[in-house]
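Colleague: Pasting the sequence and the predicted model now:
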There are 4 protein chains.
Amino acid sequence: MCTSLGYKDASGKVYFGRTLELTVDLPYQVTYFPPGYETISEVDGKASLTYAARFGVLAVAMPCRVPTPEAPIGLADLKVLEGLNDQGLTFSLLSYPTAAGAQKSADITQSVLSASDLGSWALGQFASVAEVKAALEKQPIELQPLALLGGVVSPFHYVVHDATGASLVIEFDHGVMTVYDNPVGVMTNGPKFSWHLTNLDNYTFLTNVDQSSATFGSYQARQPDSGIATAGLPASNTSVGRFVRAVFYAQFAEKAATPDLAVKTLAHVMNNFDRPRGVSIDYPTQGGGHMEVEGLQEKADAPYATEFTCWTSLSDLDRKIFFVRDYRSLNFTAIDLKALADVKAPLVLPLQKLEGIASDATAMLMAPPKAA
Amino acid sequence: MCTSLGYKDASGKVYFGRTLELTVDLPYQVTYFPPGYETISEVDGKASLTYAARFGVLAVAMPCRVPTPEAPIGLADLKVLEGLNDQGLTFSLLSYPTAAGAQKSADITQSVLSASDLGSWALGQFASVAEVKAALEKQPIELQPLALLGGVVSPFHYVVHDATGASLVIEFDHGVMTVYDNPVGVMTNGPKFSWHLTNLDNYTFLTNVDQSSATFGSYQARQPDSGIATAGLPASNTSVGRFVRAVFYAQFAEKAATPDLAVKTLAHVMNNFDRPRGVSIDYPTQGGGHMEVEGLQEKADAPYATEFTCWTSLSDLDRKIFFVRDYRSLNFTAIDLKALADVKAPLVLPLQKLEGIASDATAMLMAPPKAA
Amino acid sequence: MCTSLGYKDASGKVYFGRTLELTVDLPYQVTYFPPGYETISEVDGKASLTYAARFGVLAVAMPCRVPTPEAPIGLADLKVLEGLNDQGLTFSLLSYPTAAGAQKSADITQSVLSASDLGSWALGQFASVAEVKAALEKQPIELQPLALLGGVVSPFHYVVHDATGASLVIEFDHGVMTVYDNPVGVMTNGPKFSWHLTNLDNYTFLTNVDQSSATFGSYQARQPDSGIATAGLPASNTSVGRFVRAVFYAQFAEKAATPDLAVKTLAHVMNNFDRPRGVSIDYPTQGGGHMEVEGLQEKADAPYATEFTCWTSLSDLDRKIFFVRDYRSLNFTAIDLKALADVKAPLVLPLQKLEGIASDATAMLMAPPKAA
Amino acid sequence: MCTSLGYKDASGKVYFGRTLELTVDLPYQVTYFPPGYETISEVDGKASLTYAARFGVLAVAMPCRVPTPEAPIGLADLKVLEGLNDQGLTFSLLSYPTAAGAQKSADITQSVLSASDLGSWALGQFASVAEVKAALEKQPIELQPLALLGGVVSPFHYVVHDATGASLVIEFDHGVMTVYDNPVGVMTNGPKFSWHLTNLDNYTFLTNVDQSSATFGSYQARQPDSGIATAGLPASNTSVGRFVRAVFYAQFAEKAATPDLAVKTLAHVMNNFDRPRGVSIDYPTQGGGHMEVEGLQEKADAPYATEFTCWTSLSDLDRKIFFVRDYRSLNFTAIDLKALADVKAPLVLPLQKLEGIASDATAMLMAPPKAA
């Protein structure tokens, strides 16, 4: 469904990559919310919470409801799935089907934050994981039914990364919220984050060092290729398999010498989590609902559902550059958050406008640059 | 070391992707050899073979020797590693360390083709796999020591694909050449191609259909994510693991509805074979030579060697477009072979000139297109 | 460390097998405690608990302390590791290193059962899992430091099976006791039982049906052997791997037509969990303590520790026959609990006296029975 | 289908274990052929070969044809599947479905050995692998259609082990015989032996040393059990998976200090290759023929076929003791070849007469030996 991971370069600068997988295309919007932008978060029957952004926020967002002629989608309907603020804080929403359950009700006098607004709340107001963590201790949060998902209660969990490399997981499980410091900087989907950490204990043998020769009896075995170190990784593209592989890649991908190379290295890493349509498919008889966010039903006439990487993003937390590649793009497109510093109004651009096509070098081949 | 695979779209058009992995960067050259371009292939002690190209050939090539002030690299020194001709035929050279051995000597009266020239020979003269195969029956070929590899005898095998989807493997093993029809359209490295095919018999259980529920005793197991179908794939990045995964991806990636989407789908597939530096490393004590082409030694002061995907290419055999992304590029760059139809002279452009950087959409975000 | 599983024959009769793995040989005792046998369970600072057995209990037991000349081991020092009572109830203790932690203190007026006496308490008094479960709701239990383990707090969890096929897990984790109905009838060691159940969700693809042919491209793959269905099992001999394999074997081993064949089938199943010395070894630098019950230290001069199957037992819950094979035995030896019905005094026999040697058929071969 | 392996104890003495798996029970016979016993091996249209045994041979044999009232099974009809001679040489026949093919025809003047008689020929006449190997260079051998298998051409390959630890593979593949020195002392079934050896190159990372701790990010992973070293083994019960596991077990099982313990250690090893009925099953639609020896068809009314370990044998090559356990036996039974030294006539005993039941220790428990 989703894979996210943090990566550091040789000088300790932080980069963050993620994929988002669903079985359908959604009307994702690239948005920019400037400092001062105000949000009103509302939970039925609770005092609403209003906050103004202190920081500029670049995000991939999604409308929280179906537009109608009378009520087209407005800015307030756009909820952050993935974002980066001008302090180098990132926020990511990832599928987590077992979030819903009996929630502890907030004190009646308190304003309550809807979990759908966690992204704008965290990115708009905080510069570090430590600040987010401190604020979470005081701010009641509630999950709500989501109109766009046919009333399913917000089936997500959330991760926050900052420019120091700190990482936080915010997870509702059967209604109970737990905030975890994330020692590995990786998140995928279910089961519970603590289950995944325990599962790493089953992979203590992992190393990136190839052991390419061995003697069995009097046979001298010799692996003729490099890469045998990866033989013990789980191959499965399920949440559990991807978690372990993401930990491995984040750990062992070479620390790049420059920010540019770091972004490219992170792209190479994330490419390994790029899921093409058709590589795994689900028939309804297997109970489709298990597969992803309920409410996002496939068209009734599709013979099967197949999860694919709708988009992959890379965030440079130091230089505040955001890269995104959607499934119908060959290539990444960049957006520079620093260049938006003087923008005063919110900006919205459909993700599909970023075509990410390959630049054509035919002309350059015909007339190569002199120094070549 | 290398992964190659063919993919078909919904209308049966053919696309071909490959990666090349080594532990060092080499001075790869993007080249175009027009129809009429003449090659003289020479093998010590044998009659040389001269042939003129009938077809235009776009290729990634490498010099076969170290340049000196007196003898800089010339066109004749560039040998094809990967190429596409204007008939939609592709040729790929992939590492195969056990190629060398006692070779059957050609009849003294015959002109002999050096294996290093197989690429220009096949792409320059033939339009289909069938033609290549027929020509191979008559043309003696010999492996030679390669100066650039310190005199190592050409440690490669070769694959040819055409626009009908046919695929051919040309493999020297301990000096004995075998030509195989390739029923799966996939190639990686050692062991012998026939070993890999037999190995597929160990994966008859593979399917892309998720089986996401089961009952164990009275426990109802339910996989909460999609993708469990991939649990049985080999995870290893060695030649053997990549072969099986490539067969699986080539088989099950959804047949794209359009050529554009087909190229993007193939890119998503090839992304899964993108190897970042550091993910597996080899220490000299494990006997570096096992790892790759001998002769390409790491600098003596490097503590370890690590294979990485030096470049990935995508070929559209119908539209004759070639895409390539090198390790220091975020993105693919395109070259359109059709647009070179009128070019009369050979063209050469260092691969590193194709930067493949991300287009910047910041301005577009600030001033979105109207229709948005 | 330990693998346990329940198996049913074609008529629904229940059999139970288990292995016990440690890195040392201990002075195991085969014991019989007749109905009426009285136990006093003592926990420091708590009211002691006295109970008389209602049922005859056959068990493999271990002294809870080191004998001294003044205080040789007595009956009261023998604690049940594995047992079967004359009602067809079994009890098993298995290693679980994270049992200890802050425990809920019992009401001061209540008698407390030491966890070390769970075996004699359960087997002596109850005929079914339901009875044990009901009794556990009322009976406070506490873990205690164990003298024989150098004062380590009882690092075990416990399973109970009955002749209906019901199965119960009693698990202290960091001091907190949880009683689980066991829907799969399997137990090994850590992590928590609920973690193992969740882990089964990663194996929904498992089936015993071989899928022995497939088509990849135009290659007809054909698995030449039976058994490909087992390719997706975890191979690891760790607790996590053994749990999944045990679930698989318990589920799919053919339901035997007769009790005799059922015992043999269960033996074949348990053979797959028979761990020879040396197959995995642990060096002290890896922190030996992880490996097993702390306190059972290897002799200081052993270069490594290696877990092996100290003994394997099979219980026929219907016929009340117990079979046991220790590491130094080739074969199982049987003890018939029904034949002990008239025994009035406790019985003790060192396990090592049961040699389990092969019967010699040389004479039979020399003079075959007539009907042959 | 079959797993065989050699094992050495601490003083270098050799032991050999094997299993035989089919989907049906056959009328196996335990036989003894004394020195002097004469065999006439016949191949249609060739000169027959007559040889007298120099050594006593203990074997598990099978009739080569269906008995009729007129022609009951005689000694000459019994063909050796597994045997041990009084020199400590063993011979084993294992399933190998692709043996048949165009065979090189022997010189018309030469006597030809039928492959069905390889066991009696090798065990009766030779004391070492070296002697067998030398004799094979001169003796033409041919595969023949087997009446009992419905005329299928002998679908087997063969291994010979001796008391020095030497091991030989005799393999017909598509009619071409190859004799291999076996550097690992392991054999299972297809594909070709040389394929299996190459496959070991994919397991160079295997070791028996647990690596039970690792650091991922700032998470300290710690495997709580021993045995993680086995995580990289293939789990599959197919020929390919069993070959690798058998190599691993033969390599790493602790070298036992005494012959008795060595036999028990080997038994523990072989237990890991004990396949219960039902654990993998084959439906006819998958093309049953793939599964095993053709001609051994399941009864038409069986819904599926399931391979099981029909019997397991252990040979002590130094002490010349043979142990065997069939599927309907709980335990091994021993036969001492040394005790047969004075036997002058052939002996035959149906394998099913060796019941291998557990000795009953109930009485011993009631009246323990004094020293206990």
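Modeller: It's in. Residues are numbered from 1 along each chain as shown, chains lettered A, B, ... in the order given.
Colleague: tally of neighbours for A:Gln220?
Modeller: 13 (other CB atoms under 10 Å in any protein chain shown). All C-beta spots, glycine's among them, are computed from the backbone N, C-alpha and C.
Colleague: Please name the bridge partners of it.
Modeller: Beta-bridge pairing of A:Gln220 under DSSP bridges involves A:Thr215.
Colleague: Excluding sequence neighbours, find me the nearest residue to A:Leu347.
Modeller: Leaving aside its chain neighbours, A:Leu347 sits nearest to A:Tyr32 (4.0 Å; criterion: CB to CB, 6 or more residues apart in numbering or on different chains).
Colleague: Go ahead and report the secondary structure state at the one you found.
Modeller: Classification of A:Tyr32 using DSSP: H, G, I helix; E, B strand; the rest coil returns strand.
Colleague: the helices in the stretch 51-200 of chain A, which residues?
Modeller: A:118-125, A:129-138, A:193-200 (DSSP state H, counting those that start in this stretch).
Colleague: For the longest one, the averaged confidence score.
Modeller: Translated: helix A:129-138. The average pLDDT for helix A:129-138 rounds to 98.
Colleague: That one vs chain D: in contact?
Modeller: No: figure legend: helix A:129-138 not in contact with chain D (CB under 8 Å from any CB of the partner chain); closest approach 13.5 Å.
Colleague: tell me the most buried of the helices of the stretch 51-200 of chain A?
Modeller: helix A:118-125 (a mean of 25; mean count of other CB atoms under 10 Å in any protein chain shown).
Colleague: could you list every residue that touches the residue nearest to A:Leu347?
Modeller: By CB atoms under 8 Å, 6 or more residues apart in numbering or on different chains, the residues touching A:Tyr32 are A:56-59, A:340, A:343, A:346-348, B:365.
Colleague: Of those, which is the most crowded?
Modeller: Busiest of those [other CB under 10 Å] is A:Val57, holding 30 neighbours.
Colleague: Who are the contact partners of that one?
Modeller: A:31-33, A:37, A:80, A:83-86, A:120, A:123-124.
Colleague: ok, so of those, who is nearest chain D?
Modeller: The closest of those to chain D turns out to be A:Leu84 (CB to the nearest CB; 21.0 Å).
Colleague: isn't the closest one right up against A:Phe322?
Modeller: Yes: A:Leu84 lies in contact with A:Phe322 (CB atoms under 8 Å); the separation is 5.2 Å.
Colleague: shared neighbours of these two, anything?
Modeller: With CB under 8 Å, 6+ apart, A:Leu84 and A:Phe322 have common neighbours A:58, A:315, A:337.
Colleague: between the residues you listed, which is closest to chain C?
Modeller: A:Ser315 (30.1 Å).
Colleague: Can you report phi and psi for the nearest residue to A:Ala135 once chain neighbours are set aside?
Modeller: Distance criterion CB to CB, 6+ apart; nearest residue to A:Ala135, sequence neighbours excluded, is A:Phe126 at 6.5 Å. A:Phe126 adopts backbone torsions of phi -130, psi 150, taken as degrees, to the nearest 10.
Colleague: which residues touch A:Phe126?
Modeller: With contacts defined as CB under 8 Å, 6+ apart, A:Phe126 is in contact with A:55, A:87, A:89, A:132, A:135.
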